[in-house]
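Chemist: Predicted coordinates and the sequence they were generated for:
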There are 2 protein chains.
Amino acid sequence: MGVLSDELREFLDDHRVGVLATAAADGRPRQSVVYYVRDADADRLLISTESKRHKARDVVRTGWASLCVRGDEQPYPSAVFSGAAEIMSEGIGPATAAIMQRIAGTAEPPEPQTDEALAAMDRVILAITVDRVSAVNYMQSAASDR
Amino acid sequence: MGVLSDELREFLDDHRVGVLATAAADGRPRQSVVYYVRDADADRLLISTESKRHKARDVVRTGWASLCVRGDEQPYPSAVFSGAAEIMSEGIGPATAAIMQRIAGTAEPPEPQTDEALAAMDRVILAITVDRVSAVNYMQSAASDR
C-alpha cells in the first residue's frame, strides 16, 4: 500500500511543482523548484532533469531526495515526501511525456520520445520512492513529523 | 549592498511563504513550509519558529539554512536564498510581529510582544543572512547557480 494516503495522492495529483532537496557534496541541502508527476503504480515521484545537473549528481552520490509540495492559497497545505532516489535513463519516454503534459497543461501527453532521443538531450528521470511523509500541514490527515 | 538585487528584494517582499531547508543530524536535508519577512536593514530573512523544533536545532548545530521562494503562477518564478543562520531570542518582538502581520495579511503589524512573553511560548527567530542566491528562474535577472 505504501505510505501515501488517498488524500496525499490526490494532493500530489492536484499540484505539479514542488521544491526538491538533495544533499550537496559539502553536506548542505540544495533546493530547486521542479515539476513532478506521481507514478500511479507505485508511491514514486518522477522529475525530469539532466544528468549533468547538480541535483542529479547529488542523487547518484547519496541515493536520496525529498520533495516539498504546497498549495497556492492560504493556509498553504503542504507536505514533504522523501525516500530513496535514483536517476533513470531507460524506459523513461512515458514518464517524461507525462511531466511535459503537466508543464504544458494539456489534456493529453505528447507522444513519448525514445530513450535515445532523450539521451541526446541529456534528459533523465529522477525518481523518489517515497518512504516517509513529514511536515504535513493543513490537510485532514495532518500530523506533522509523523 | 549585499547579494540581493532590487528585483530579488521586491520578489521577497511580494511573497510570504517559502520552503526552508536545514541539514538534519543524519546529513539529509530537512524541509518545511514557513512564513518569512525580509529584514529591510540587511539582507536577512527572518522566520518565527520554536526553539524545540528540529529546524531550530539544525540551525544551532550547523549555522546554515536556505529558503526557496516561488511565485504561485506559471512559469513559477523562484530563487533559493542561503547563508549563515542563527537562532535569536533577544529583541525579537518587532520581527515576530512583522511575520504575524504577513500571516494575517493585515495593514499594520500587531503590537510587538516582549522577549519574555515570546520566551514563555518558546518563540524564537531563525535568521538567515543571505550570502548566496541560486536556482534563480523566470526572473529578469535570472542566472541559475550564479
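Modeler: Right, received. Where do you want to start?
Chemist: What is the neighbour count of A:His15?
Modeler: Using other C-beta atoms under 10 Å in any protein chain shown, A:His15 has 18 neighbouring residues. Where C-beta positions appear, they are placed from N, C-alpha and C, glycine not excepted.
Chemist: do A:Val17 as well
Modeler: A:Val17: 21 neighbours (other C-beta under 10 Å).
Chemist: tell me the contacts of the residue in chain A that chain B sits nearest to?
Modeler: In chain A, the residue that lies nearest chain B is A:Pro29 (3.3 Å; C-beta to the nearest C-beta). Contact analysis of A:Pro29 by C-beta atoms under 8 Å, 6 or more residues apart in numbering or on different chains lists A:21-23, B:21-23, B:29-31, B:66.
Chemist: If burial is judged by neighbour count, which of those pass?
Modeler: A:21-23, B:21-23, B:29-31, B:66 (16 or more other C-beta atoms under 10 Å in any protein chain shown).
Chemist: related to what we said a few turns ago, and the residue of chain A closest to chain B, bridged to which residues?
Modeler: Listed by DSSP bridges, the beta-bridge partners for A:Pro29 are A:Ala23.
Chemist: same check, this time on the one 10 residues further on
Modeler: Listed beta-bridge partners, A:Asp39: A:Arg44 (assigned using DSSP bridges).
Chemist: and it, how many neighbours?
Modeler: Per other C-beta under 10 Å, the neighbour tally for A:Asp39 reads 17.
Chemist: tell me the contacts of it?
Modeler: So A:Asp39 contacts A:45-46, A:95, A:127 (C-beta under 8 Å, 6+ apart).
Chemist: farthest-separated two in the residues you listed?
Modeler: Pairwise distances across these (C-beta to C-beta) peak at 10.5 Å, for the pair A:Leu45 and A:Ala95.
Chemist: Name the nearest residue to A:Ala65, sequence neighbours excluded.
Modeler: Distance criterion C-beta to C-beta, 6 or more residues apart in numbering or on different chains; nearest residue to A:Ala65, sequence neighbours excluded, is A:Ala85 at 3.8 Å.
Chemist: still on that earlier bit, between A:Leu45 and A:Ala95, which is the more surrounded one?
Modeler: Taking other C-beta under 10 Å, A:Leu45 and A:Ala95 do not tie; A:Leu45 has more neighbours (27 against 20).
Chemist: what separates the more buried one from A:Arg132, distance-wise?
Modeler: Noted for A:Leu45: a distance of 12 Å to A:Arg132, by C-beta to C-beta, to the nearest Å.
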